[in-house]
Each structure stands twice: as structure tokens, then as C-alpha cells.
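**Q** Let's see this in three dimensions:
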Amino acid sequence: MIKASCECGKVRFEFATGRKEITVCHCTQCRKTSGHLWAATRTEFADLRFTSKETLTWYTSSEWARRGFCSACGSSLFYQMKDETGVGIAAGCLDNPPDDFKIAKHIFTKDKGCYYDINDPVEILETY
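**A** Alright, predicted model coming up:
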């Protein structure tokens, strides 16, 4: 079981399996909500088991998606496209990430911040 939480621990959850390939998004929206870039695994929302979610808040960030965060500490936790059953989970909130979870691709790199370079030897995509 993979366990995850926000920084203050008021949102805690677990799930059995996640996508092993971590996607790193450099779009402006992800950079603004996370403070830098968004790295995420993915699983089915129905497969999440919350042990605490008193401060879990959802923000409709666009016409096509919503983002979940902790309203107490501000941790960005989830990204979910409307009408999809899957949910992106911030890789940084995983308490015990499996060793085989690895960055597999970078997306929306045209929007990346000018203050950093991408030097990973993985696939770099301009858009989806």
C-alpha cells in the first residue's frame, strides 16, 4: 500500500497501485499551483482510501480540470480532469514511494520557467 499525506498531515490517504511512470508538467498553471513544476503518478480515484480528509479542498482550475489541496497547509495533492475516473497524485506527497517509480516524461515544456533547465535523459514533449 502506498501512503501519502499533505505537509501538516490533515489529509492522509493510501492506494494500492499507481502509475510507475512519473510525469513532470511544466505548464504555467501547474507551476503556479505547486510553486515550481508538477510531478505526478496516477491511479483511479475510486482506489484512493482516505484516512483523513478534513481539510481536503477542490479548486476548479479550468473548464476541464480540478485540483485538490490541503486548505490548512496549502499542499498541492491532486489533479483530475473532468469526466475522468483517474486522478493525478503529486509525487512529492508520497510517504513511501516505491523504488520503481521514475520520471518518464516532461510535458508542456514550452511553458517551463526560464530559471531552470531540463537535464533528465527522458522523453520531453512540447504538448500532450
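
**Q** residue boundaries of the helices in the chain?
**A** 28-34 (DSSP state H).

**Q** lowest confidence element among the helices and strands of it?
**A** strand 123-124 (a mean of 72; mean pLDDT, DSSP states H and E).

**Q** which residues are contacting it?
**A** Ala104, Lys105, His106, Thr109, Ile118 (CB atoms under 8 Å, 6 or more residues apart in numbering). C-beta coordinates here come from the backbone N, C-alpha and C atoms, glycine included.

**Q** Kindly report the same for stretch 87-103.
**A** So stretch 87-103 is contacted by 2-6, 15, 18, 20-24, 34, 38-45, 48, 68, 75-80, 120, 122 (CB under 8 Å, 6+ apart).

**Q** Filter those residues down to the buried ones, PyMOL style.
**A** A single PyMOL command selects the buried members of the contacts of stretch 87-103 (16 or more other CB atoms under 10 Å):
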select buried, resi 2+4+5+6+15+18+22+23+24+34+38+39+40+41+42+43+48+68+75+76+77+78+79+80
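
**Q** Strands - which of the contacts of stretch 87-103 land there?
**A** Per DSSP state E, strands hold the following members of these: 2-5, 15, 21-24, 38-44, 68, 76-80.
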